[in-house]
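S.K.: model this:
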Amino acid sequence: MNVAGYVFTVLFTIEFFSKIIANGAFLHRRAYFSNGWNWLDFIVIIFGWIEFIPNQPNLRSIRTLRVLRPLRTINSIPALKKQVTSLLKSLG
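M.R.: Next up, the predicted model:
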């Protein structure tokens with residue numbers, strides 16, 4: 001993984017823990033894991049950390065899941081989040 005990959009994984013992890021501390025993880029309406037977009041963020045973070053494990057066989061398939069990282073920006077821009085959500089609902 002390149003340096004940018006390390007930097008983004010660390011930054012996403014810091015953001016994750018900040019949100020957990022601010023909102024809590026479970027048990028109420030505004031908890032971190034009560035939002036599906038936050039679950040996506042969590043999965044992206046987990047796959048980012050899996051890449052740090054040395055001598056992992058077949059990391060190529062995990063690296064392709066890095067394509068989910070740009071989807072994290074949807075969560076930070078409310079108007080874009082509404083557009084993507086309505087687009088996904090219209091596909092069903």
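
S.K.: going forward, measure contacts between C-alpha atoms and count neighbours the same way
M.R.: Noted.

S.K.: Where does the residue minimising distance to the centre of the chain sit, in terms of helix or strand?
M.R.: Centroid-nearest residue in the chain, with Cα atoms, centre = their mean: residue 41, separated by 1.7 Å. If you go by DSSP states H and E, residue 41 is part of helix 36-50.

S.K.: Residue 14 now?
M.R.: In this assignment (DSSP H and E), residue 14 forms part of helix 3-23.

S.K.: name the helices or strands packed onto that helix?
M.R.: The contact analysis (3 or more Cα pairs under 8 Å, 6 or more residues apart in numbering; DSSP states H and E) places helix 3-23 against helix 36-50.

S.K.: now this structure, which segments are flagged as low pLDDT?
M.R.: By pLDDT under 70, the low-scoring segments of the chain are 1, 57-69, 71-72, 75, 92.

S.K.: tell me the SS of the residue of the chain most remote from its centre?
M.R.: For the chain, the residue at maximal distance from the C-alpha centroid (Cα atoms, centre = their mean) is residue 55, at 24.1 Å. Of the three states, residue 55 takes coil under DSSP: H, G, I helix; E, B strand; the rest coil.

S.K.: Repeat that for residue 25.
M.R.: Assignment for residue 25 (three-state DSSP): coil.

S.K.: Contact partners for it?
M.R.: Contacts for residue 25 (Cα atoms under 8 Å, 6 or more residues apart in numbering) come out as 31-33.

S.K.: right, and out of those, which lies closest to residue 11?
M.R.: Within these, distances to residue 11 taken as Cα to Cα reach their minimum at residue 32, with 17.1 Å.
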